[in-house]
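In: Attaching a predicted model along with its sequence, questions to come.
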Amino acid sequence: MPATLTVPDSALRSDADFDLVVVGASYAGVGVIAAAREAGFAGRIALVGDEADLPYQRPPLSKGFLLGKAGLASLPLKAESFYVEAEVAFMAGRRAVALDLQARQVLLDDGSQIGFGALALTTGARAAALRCPGAELDGVLSLRSLDEARTLSQRLAAAQAIVIIGGGFIGLEVASAAVTLGKQVSVVEAGPRLIGHAVAHEISAFMQRLHEERGVTVKLATKVERIEGEAGKVVAVICADGSRLPCDLVLAAVGAVPNTELAIEAGLSVEDGIVVDEFCRSSDPEIFAAGDCTSHPNVFARRRMRLSSVQNAHDQGRAAGNAIAGKLEPYKAVPWFWSDQYEVKLQMVGIASGSGPAILRGSMEEGRFSLFRYDGDRLTAIESINRPADHMMGRRLITAGLSPTREQAGDPGFDLRSLA
């Protein structure tokens, strides 16, 4: 899936400015361009991406791609023709290394500079580094990019046992794929439960049982002390409790770090992400940012936050693109997420309150249920296992600010559609 688009020679001249430069070629960056063009932006656009491929879908990398169900041809977000028709100078395999806000220029890793009128930073996030002795051994991998997914797929095919450090979504999705491929799998999580930052205790317990029933060894509240190697290759993970997990492959799935270095060095406001307003404008009103790299005011959480999700990146990108074109429409999309593991589809909508009750709808025993999360009487989130209708209804209800009573939520005979 390598990008074959070429950059016109005129685009590389030092005196060739662009009306808009988008740094970061993924969901948010593509969303910026699509929305700006649809809103009538007629200026020259450059897209700078540090990977050689066309912008692609990331969720399949930890799921269908590893299982051979999602091939390279199915991954691009847009066909090549989109960039041609949108008259985008796509600079693939080029990395922005610095911003000169006074001169309104982006410095690239080959020493060239491109000028901009407006700038959109859609730099995303990267896999957090594993910090323990042995992390540099051959066979210790991370997963964020397509190149990393290719490597993981190749190494997983030859592996017998894999230890996954981190019990979040990426770690559990890879565990599901690895088990399906017949591998011995262990998951080591430092926290007290799986995906504890994102879902209710009941969902965490359900997912733990699901994996353990498939043969996964799950170790909670366990820290990794070191990774043991022989001849430079990983052979085991040593935990702080003294346990030793033999393996020939390790996946570090310990979170993501927003790529904010360009913004910080340029003097933009950064607080766990590039600070933007509801129109995705940074502290410099002519510089926009969107996606995983940003901290934004979220109307549903009622606070500023950073979200790592496809939905947020896509919708924020479109808000930024509209604003760049002079069409100010605030970002106020309800957040939603999903994860596929084995035959289970976990879907989440909204931002749950940490202390509110969780009302059960459906049957945990049958593996088809939802948890309605409340803050007082206000519905803030719904987490669903194999109940897509609840999820879709939740998008409508939470977007509209409508809340079923707790009794209505827990009554499977109550028609939630009557509220909308």
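Out: Arrived safely.
In: Measure how buried Ala120 is and give me the count.
Out: By other Cβ atoms under 10 Å, the residues close to Ala120 number 31. Where C-beta positions appear, they are placed from N, C-alpha and C, glycine not excepted.
In: Report the strands that pair with whichever strand or helix holds it, each with its relative direction.
Out: In this assignment (DSSP states H and E), Ala120 forms part of strand 113-121. Next to strand 113-121 in the sheet, as set by DSSP bridges, lie strand 17-23 (parallel), strand 105-108 (antiparallel), strand 287-289 (parallel).
In: what pLDDT, on average, does the helix or strand just after that strand get?
Out: With elements assigned by DSSP H and E, the helix or strand that comes after strand 113-121 is strand 125-127. The average pLDDT within strand 125-127 is 95.
In: and strand 125-127, what does it pack onto?
Out: strand 256-258 (3 or more Cβ pairs under 8 Å, 6 or more residues apart in numbering; DSSP states H and E).
In: Could I get the full set of helices for the chain?
Out: Assigned helices in the chain, in chain order: 27-38, 80-85, 146-158, 169-180, 201-213, 261-266, 310-324, 388-400, 406-410 (criterion: DSSP state H).
In: Tell me which other helices or strands the third one touches.
Out: For helix 146-158, the packing partners by 3+ Cβ pairs under 8 Å, 6+ apart come out as strand 140-141, helix 169-180, strand 249-252.
In: Quick one: closest of the ones you listed to Ala118.
Out: Across the helices and strands packed on helix 146-158, Ala118 has its closest neighbour in helix 169-180 (33.1 Å, Cβ to Cβ).
In: between that closest one and helix 146-158, how many degrees?
Out: Per axes from the mean of the first three to the mean of the last three Cα atoms, to 10 degrees, the angle that helix 169-180 makes with helix 146-158 is 30 degrees.
In: Adjust the sequence numbering to begin at 10 for everything that follows.
Out: Fine by me, first position is 10 from now on; the one you just mentioned is helix 178-189.
In: ok, Phe99 touching Gly58?
Out: Yes. With contact defined as Cβ atoms under 8 Å, Phe99 counts as touching Gly58 (7.3 Å).
In: I'd say Glu60 and Glu157 touch.
Out: No. Using Cβ under 8 Å, Glu60 is not in contact with Glu157, being 10.6 Å away.
In: Neighbour count: the two, which is higher?
Out: Between Glu60 and Glu157, counting by other Cβ under 10 Å, Glu60 is the more crowded of the two (18 against 15).
In: ok, so what distance separates that one from Gly251?
Out: 41 Å (Cβ to Cβ, to the nearest Å).
In: give the contact list for Asp293.
Out: Contacts for Asp293 (Cβ atoms under 8 Å, 6 or more residues apart in numbering) come out as Leu110, Leu277.
In: can you pull the pLDDT of it?
Out: 95.
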